[in-house]
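K.L.:
Return atomic coordinates for the entry below.
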Amino acid sequence: MKIVQSLWIIGLSLLFFSQCNQKDDNSFECTVEFVEFVNASTARVQFVTHLDGVSRTYTVELPYAEARGRITIGDDIVHIENFTARGDTANFDFYYGENLGFFCADLFDVLPEHLHTDFSAEAIRDLSTRTVGKWVIKRKQAI
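P.N.:
Now for the predicted structure:
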């Protein structure tokens with residue numbers, strides 16, 4: 001009887017704690033909006049955080065370098081690999097760099113606990129800019 005009672009208490013505890021740790025995807029999102037190559041040496045990346053209907057952006061504009069198919073923006077801020085463009089569509093792998101930090105913590109006083117997950121992206125070229133290329137991310141899949 002004690003074993004059944006103990007299992008029942010453990011089961012309720014697990015259910016309670018798993019519900020507490022779930023995030024409402026409709027009220028919070030921390031993501032990347034676009035990657036823009038401003039010129040031959042400068043890139044701009046815009047991150048956006050949505051929280052309870054409020055959106056705030058964090059934009060970095062930094063030098064970039066390309067070596068062996070890897071584009072590094074800033075000093076280990078962002079890495080892009082496997083970049084291929086066909087017409088106005090591009091695909092690439094987006095990696096958050098170690099030196100980016102939790103930029104979103106500067107945008108809101110309190111945020112849910114979360115991770116920044118690297119992803120494969122499909123992006124559309126924004127033709128309204130006069131830069132080398134602004135790629136607005138449309139689809140993501142975690143790597």
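
K.L.:
Helices along the protein, start to end?
P.N.:
In the chain, the segments counted as helices under DSSP state H are 2-21.

K.L.:
Just want the most central residue of it.
P.N.:
By C-alpha atoms, centre = their mean, the mean C-alpha position of the chain lies nearest to Thr31, the distance being 3.5 Å.

K.L.:
Return the residues in contact with that one.
P.N.:
Phe47, Val48, Thr49, Ile137, Lys140 (C-beta atoms under 8 Å, 6 or more residues apart in numbering). (C-beta placed from N, C-alpha, C; glycine too.)

K.L.:
Low-confidence regions, the chain specifically.
P.N.:
With pLDDT under 70 as the threshold, the chain has low-confidence stretches at 1-26.

K.L.:
Quick check: bridge partners of the residue nearest to the centre of the chain?
P.N.:
Here Thr31 sits in beta bridges with Val48, as judged by DSSP bridges.

K.L.:
now swap in Val78 and tell me
P.N.:
Each beta-bridge partner of Val78 is listed here, defined by DSSP bridges: Ile73, Tyr96.

K.L.:
can you check Thr42 too?
P.N.:
The partner list for Thr42 in beta bridges (DSSP bridges) reads Pro63.

K.L.:
From Asp75, how far out is the residue nearest to Leu111 when sequence neighbours are not counted?
P.N.:
Counting by C-beta to C-beta, 6 or more residues apart in numbering, Cys104 is the residue found nearest to Leu111 once chain neighbours are left out, at 5.9 Å. As defined by C-beta to C-beta, to the nearest Å, Cys104 lies at a distance of 20 Å from Asp75.
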